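*Asks:* sequence and predicted model, in that order:
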Amino acid sequence: MNIVVDRVTEPLELQSGWLVPAARLHRVAFVLTRHGFGELATRVITGRSDGDLVRNRRQLGERIARVLADLGPTYIKLGQLLATREDLFPPEVTRALARLHSSVPAMKPKMVLRAIKLALGVDAVDAFAWFNPEPLAAASIGQVHCARLRSGEDVVVKVQRPGLLKTVAADLQMLRWMAALMARAMPEVAMMDPLALIDAFERSITAELDFRHEAHNAARLGGLLHDAPEVRVPRVYPEWTRQTLLVLERVHGKRLDELDEPARRAARSKLLRAFTRQILDYGVFHADPHPGNVMVETDAQGNSRLVLIDLGAVDAVEAPLKEGLGRLVRAMALGRKRALCDAVLALSPDGSAVSVDRARLEADLQQLVKDAAGQGNGAKVLGQMVAVGRTHRLRMSPSLVALVRALALLDGVLRGLDPARDLVADLRRELLASVGRKLRLSFGRFTGWLRALPARLLRLRATPTHIEPRI
């Protein structure tokens with residue numbers, strides 16, 4: 001099932017103050033009732049906790065996804081964020097939300113040209129040597145157009161839908177109000193800390209609505225990967241980039257599903273190397289590696305290279321998370337259930353503060369590792385471990401959840417390119433390759449220091465050791 005929204009209400013540009021939240025609240029109540037959530041609305045407003053909404057989790061997840069799709073861009077993005085929170089929601093719900101995407105009509109050319117002039121201060125015909133008013137792709141946040149700079153470079157121009165900031169601000173205001181009401185009326189919701197979820201969502205969507213953030217992500221990841229032979233990111237044109245407008249190099253290449261079998265196997269190897277390099281070497285990774293965000297370009301000599309596009313979602317693996325994942329892998333490899341339990345508790349922000357049935361948690365983790373033996377699916381095992389944490393009411397850090405989601409997406413892409421390969425065995429090899437790269441880098445720095453040592457000693461000997469006092 002793919003949940004799509006087949007219409008988009010135009011942003012409420014002319015309304016202000018309390019009118020926007022009031023109009024949106026009316027729309028939310030109407031959509032909830034239409035999809036059979038009238039009981040939920042009653043529970044929230046009256047505070048009654050009777051009734052059973054979770055009769056069928058799969059159907060519930062699909063209904064929630066349809067509600068969010070009907071409500072438009074803010075709620076679609078919220079659903080995509082909640083789909084990553086397997087530590088909070090049952091898998092039947094997260095799977096339904098993961099299929100949530102937007103299919104929206106393109107903006108009219110006049111609206112696009114007006115948005116470009118508003119962002120740049122000049123008309124598109126003056127800014128670009130050529131601009132195609134017909135979009136290359138359209139989504140809920142904005143759409144992409146092909147263009148050519150006056151300096152001759154082919155580019156893509158990402159244009160944000162007008163009025164989105166005001167609509168999202170109104171939606172966030174209403175979501176906070178609804179989250180507070182639901183937490184008071186429904187104990188099962190209060191346990192999820194919905195206001196904290198809204199805070200995380202606000203940070204996420206605020207960053208996504210500022211295209212300068214995506215430009216920064218692309219420049220940062222591009223700088224880290226500049227020496228990587230297997231992958232790169234498109235060039236950013238910061239002089240043309242604004243909060244609601246992004247200009248990037250246009251990539252001329254093939255999609256993954258357009259490759260023949262030998263090229264697919266080669267692309268799989270490069271993609272795995274690219275992401276292990278990002279995660280293990282730099283601690284910064286593309287958090288949305290679905291097939292549409294990867295292209296393959298080939299140079300005049302026939303050498304292929306991956307290009308990662310759509311850098312709106314880039315996440316970091318902080319040092320504590322890296323250390324915790326290392327402890328987790330070692331405990332799993334050695335079969336030490338106590339160490340494995342300690343590692344899972346350490347990966348939770350409140351693992352040391354929450355009272356858990358340690359014996360049951362150790363048994364669940366041991367059974368998980370036993371069941372996963374020989375599956376060759378590291379991403380699935382890590383995701384199941386997060387789900388075990390949810391069963392024991394352990395929250396996981398947002399970075400870990402983002403990493404699990406990215407690995408699950410990556411695993412699906414890799415299996416599609418070459419199903420016969422063993423992901424776990426390949427990850428072991430990539431881990432060794434990462435260690436080798438770090439050793440070579442350290443050795444290079446050391447030998448560079450040794451080569452520079454004689455010159456440093458000469459400078460040191462030439463430095464006066466006695467300074468005559470001034471008279």
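*Replies:* Sure, I can see it.

*Asks:* now stretch 301-317: average pLDDT?
*Replies:* On average, the pLDDT along stretch 301-317 is 86.

*Asks:* looking at this, residue 157 is in a strand?
*Replies:* Yes - the assignment for residue 157 by DSSP: H, G, I helix; E, B strand; the rest coil puts it in a strand.

*Asks:* show me what it is bridged to.
*Replies:* Residue 157 forms beta bridges with residue 145, residue 247, as assigned by DSSP bridges.

*Asks:* local confidence estimate at it?
*Replies:* For residue 157, the predicted pLDDT is 97.

*Asks:* OK, contacts around it?
*Replies:* Residue 157 is in contact with 116, 128, 131, 144-147, 245-247, counting by Cβ atoms under 8 Å, 6 or more residues apart in numbering. Every C-beta, even on glycine, is put in place using the N, C-alpha and C of the backbone.

*Asks:* next up, the contacts around the residue nearest in space to the middle of the chain.
*Replies:* The residue lying closest to the centre of the chain (Cα atoms, centre = their mean) is residue 287, at 3.5 Å. Counting by Cβ under 8 Å, 6+ apart, residue 287 makes contact with 313-315, 402-403, 405-406.

*Asks:* I'd like to know which of the contacts of residue 157 are buried.
*Replies:* The neighbour-count test (16 or more other Cβ atoms under 10 Å) applied to these identifies 116, 128, 131, 144-147, 245-247 as buried.

*Asks:* need the three-state assignment for the residue nearest to residue 397 when sequence neighbours are not counted.
*Replies:* For residue 397, ignoring the flanking residues on the chain, the nearest one in space by Cβ to Cβ, 6 or more residues apart in numbering is residue 349 at 5.6 Å. Following three-state DSSP, we place residue 349 in the coil state.

*Asks:* check contacts around residue 349.
*Replies:* 395-397.

*Asks:* so which of these is the most crowded?
*Replies:* Neighbour counts for these peak at residue 396, which has 23 neighbours (criterion: other Cβ atoms under 10 Å).

*Asks:* re the thing from before, ok, so of the contacts of residue 157, who is nearest residue 414?
*Replies:* residue 144 (26.3 Å; Cβ to Cβ).

*Asks:* please name the residues that touch that closest one.
*Replies:* Contacts of residue 144 by Cβ under 8 Å, 6+ apart are 135-138, 156-159.

*Asks:* now with 7 Å, please.
*Replies:* Residues in contact with residue 144 (Cβ atoms under 7 Å, 6 or more residues apart in numbering) are 135-137, 156-158.

*Asks:* and if you look at residue 215?
*Replies:* Residue 215 makes contacts with 236, 238, 241, 246, as judged by Cβ under 7 Å, 6+ apart.

*Asks:* tell me the secondary structure of it, please.
*Replies:* The three-state label given to residue 215 by three-state DSSP is helix.

*Asks:* pull the CA atoms of stretch 166-181 into CSV?
*Replies:* Coordinates of each C-alpha in stretch 166-181 appear next as CSV, following Å, rounded to 0.1, in the frame of the first residue of the first chain:
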residue,chain,number,x,y,z
LYS,A,166,3.1,30.4,7.7
THR,A,167,1.2,27.2,7.3
VAL,A,168,3.8,25.0,9.1
ALA,A,169,4.0,27.5,11.9
ALA,A,170,0.2,27.3,12.4
ASP,A,171,0.4,23.5,12.2
LEU,A,172,3.1,23.3,14.8
GLN,A,173,1.2,25.6,17.2
MET,A,174,-1.9,23.3,16.9
LEU,A,175,0.2,20.1,17.2
ARG,A,176,1.6,21.3,20.5
TRP,A,177,-1.9,22.0,21.8
MET,A,178,-3.2,18.6,20.6
ALA,A,179,-0.2,16.8,22.1
ALA,A,180,-0.7,18.4,25.5
LEU,A,181,-4.5,17.5,25.4
